[in-house]
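Trainee: Can you look at this prediction? I've put the sequence above it.
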Amino acid sequence: MTMRCAIRHGLGIAWSAAFTALSVRTSAAASSVLEPAGAGARLASKLWWWIGGTLSVLYVLIGALLVFVIVRRATRVADGFSIPPPDEPRERRLAKIVAVNAVLTTLLLVVFLAVSLSVGHAVVALSSNVDVRMKVTGHQWWWEIEYEDPVASNTFVTANEFHVPVGKTVDLHLVSADVIHSFWIPNLTGKRDLIPGRNNHVVIRAERAGEYVGQCAEFCGLQHAHMRIVVVAESDEDFARWLVHEREPAPEPTGEKEIHGRQVFTSGPCVMCHTVRGTMAASRAGPELTHLASRRTLGAGTIPNTRAHLFAWITDSQSVKPGNRMPQVPMQGADLDDLAAWLETLR
Amino acid sequence: MRTCGGAAIAICLVLCAACKREERSFRVEPPDAARIDAKRLSELHPGSPPPPTPVHNDYEDNAFAMSEGKRLFNWMNCSGCHAQGGGGMGPPLMDDKWIYGAAPEQVFATIVEGRPNGMPSFKGKIPDNQVWELVAYVRSLSGNVSRNAAPTRDDHINVKQQEQSTPVQPPVASAPPPPPAGK
């Protein structure tokens, strides 16, 4: 690591600590706007380094001047109260210095404005050639993602996690089902609000493969903090394979337990809110579950997707994520066991 | 000074009252569904009258629960037949006519057991506490719950009056409509 790199990294950490709003901390790694992996985020971080860097230097400079002035004054005036007699030429000199600095400050602000506008222009220009389109709907408190396709049968819906091809431009059409949310993936793009009754768009272009965690960035109710979204950026071949897999309906269960589990699902309260393609469950109130087992987390990033957490979520999600819209489902024994077994086959 | 203190106390009281409206308990105990005699629809009964056992639905004092009921009303597709309370394929819910009774336990039974001529049974499909939220909301449509807790503003255009300002429609006993004459 070069010296410049080390300084940059150290400053980045210090800034992240000072401005916690810049980063989303996850169990695995911190996703931060200062480590861009997408076109939009790279532009934003460039702007941040320009303006933040300049202002930091000025801040230190002004602080040092202030300290200097205080120290100098303390040594010159013995009693601390007497006012020195007016010194006309000196006053005129000081007035000139203030005027010059005011002009410099204005010029600096104009430069910032120009840089900021050019970055804004570049961000808008990103959306010129769109390769993949999807619609992202914000719900209290989870994300619904619909992949659009000219062939109607190729569209599909998933929740809280979506894949994108590396280096391709992805247009996200942002809408809200209830209140104002804000879509934000620090490593990939800046924030864009999801406003009920309005159609917003944001473009993302991942530059390298990886998993990027996003977070709702507009307070949207009790579980605003547990409204995460995961973006998996992968190669074109992996993405194409994922698309094909995701379009398929749920696999037919083979074991006795799994068949009973599916029956519990379709005859119980689950069917009133959830969709599993390939079964009669087709309601859109809750997240779509067709490929639930392939996702990393449950409850929009609240808990990891394991058997034990699945049990906890089904029977008492209110203790895991208080206030969420899933009711307590009075289910136990073999029913619960088989239901979880079937849900785990939904790869 | 004294008036200031009095005003402060009054403001605190108002704030406390407002707090209660937004109180969100995620574990309000709904009435026990097993205790409800769903089949009793008429005032007529053999022998001496049994002591009345009115069911109090705690959700009717809870603004959050009723707004959830409002949400569920659409999610569970009640609006498919009853529209937003004005009725369509199913009877209206915002008037004073209650074919199968207006008491909370009767509305509960209507949802859970279903009724002839189209009302399906939601038994086992909707958890009990959500059914009680729906019951509270359905009763709020005709102004039969506390006005302090009834849902207020709708986020989208809705020709219906908000539940909070619905005039009270005291329930009127009513039988199912008679079959058309000549058949």
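Mentor: Nice, thanks for sending it over.
Trainee: To which secondary structure element is the residue nearest to A:R262 when sequence neighbours are not counted assigned?
Mentor: Once flanking residues are discounted, A:R262 sits nearest to A:W342: 5.0 Å by Cβ to Cβ, 6 or more residues apart in numbering or on different chains. (Glycine included, C-beta is placed from N, CA and C.) Assigned by DSSP states H and E, A:W342 belongs to helix A:333-343.
Trainee: buried ones in that helix?
Mentor: For helix A:333-343, burial by neighbour count (16 or more other Cβ atoms under 10 Å in any protein chain shown) applies to A:D335, A:L336, A:D337, A:D338, A:L339, A:A340, A:A341, A:W342, A:L343.
Trainee: Nearest residue to the last one in space, please, no chain neighbours.
Mentor: Spelled out, it's A:L343. Using Cβ to Cβ, 6+ apart, the closest residue to A:L343 is A:L292 (5.7 Å).
Trainee: Can you get me a residue count around that neighbour?
Mentor: Neighbour count for A:L292, taken as other Cβ atoms under 10 Å in any protein chain shown: 21.
Trainee: and it, what does it touch?
Mentor: Residues in contact with A:L292 (Cβ atoms under 8 Å, 6 or more residues apart in numbering or on different chains) are A:N305, A:L343, A:L346.
Trainee: Can you read off the pLDDT for the residue nearest to A:R262?
Mentor: Reported pLDDT at A:W342 in the predicted model: 94.
Trainee: likewise B:V28?
Mentor: 64.
Trainee: Let's see the helix holding A:W342 as PDB, backbone CA atoms only.
Mentor: Output of helix A:333-343 as PDB, limited to C-alpha atoms (Å, rounded to 0.1, in the frame of the first residue of the first chain):
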ATOM      1  CA  GLY A 333     -45.500 -30.100  15.900                       C
ATOM      2  CA  ALA A 334     -45.400 -32.000  12.700                       C
ATOM      3  CA  ASP A 335     -47.200 -29.300  10.700                       C
ATOM      4  CA  LEU A 336     -44.400 -26.700  11.500                       C
ATOM      5  CA  ASP A 337     -41.700 -29.300  11.000                       C
ATOM      6  CA  ASP A 338     -43.000 -30.300   7.600                       C
ATOM      7  CA  LEU A 339     -43.700 -26.800   6.500                       C
ATOM      8  CA  ALA A 340     -40.100 -25.800   7.200                       C
ATOM      9  CA  ALA A 341     -38.900 -28.900   5.500                       C
ATOM     10  CA  TRP A 342     -40.900 -28.000   2.300                       C
ATOM     11  CA  LEU A 343     -39.800 -24.300   2.400                       C
END
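Trainee: Okay, A:A209 and A:A44: tell me how far apart.
Mentor: In this view, A:A209 and A:A44 are 21 Å apart by Cβ to Cβ, to the nearest Å.
Trainee: okay, the two: which has more neighbours?
Mentor: The neighbour count for A:A209 versus A:A44, taken as other Cβ under 10 Å, is higher for A:A44 (21 against 16).
Trainee: From A:V33, how far off is that one?
Mentor: 6 Å.
Trainee: quick one: B:D154 is in a helix?
Mentor: No: the assignment for B:D154 is coil, going by DSSP: H, G, I helix; E, B strand; the rest coil, so no helix is present there.
Trainee: pretty sure it is touching B:Q161, no?
Mentor: No: with contacts counted by Cβ atoms under 8 Å, B:D154 stays clear of B:Q161, the gap being 10.0 Å.
Trainee: Tell me where chain B has strands.
Mentor: Under the criterion DSSP state E, chain B contains strands at B:97-98, B:172-173.
Trainee: most packed of these?
Mentor: Neighbour counts (mean count of other Cβ atoms under 10 Å in any protein chain shown) averaged over each of the strands of chain B peak at strand B:97-98, with a mean of 19.
Trainee: For that one, name the packing helices and strands.
Mentor: For strand B:97-98, the contact count by 3 or more Cβ pairs under 8 Å, 6 or more residues apart in numbering or on different chains; DSSP states H and E identifies strand B:172-173 as packing neighbours.
Trainee: For B:V107, give me its contacts.
Mentor: B:G101, B:V135, B:V138, B:R139.
Trainee: Against A:P86, how distant is it?
Mentor: On the measure of Cβ to Cβ, B:V107 and A:P86 end up 87 Å apart.
Trainee: Among the contacts of A:L292, which one lies nearest to chain B?
Mentor: A:L343 (18.3 Å; Cβ to the nearest Cβ).
Trainee: Parallel or antiparallel, which strands does the helix or strand where A:L172 lies pair with?
Mentor: Using DSSP H and E, A:L172 sits in strand A:170-176. The pairing partners recorded for strand A:170-176 under DSSP bridges are strand A:132-139 (parallel), strand A:200-204 (antiparallel).
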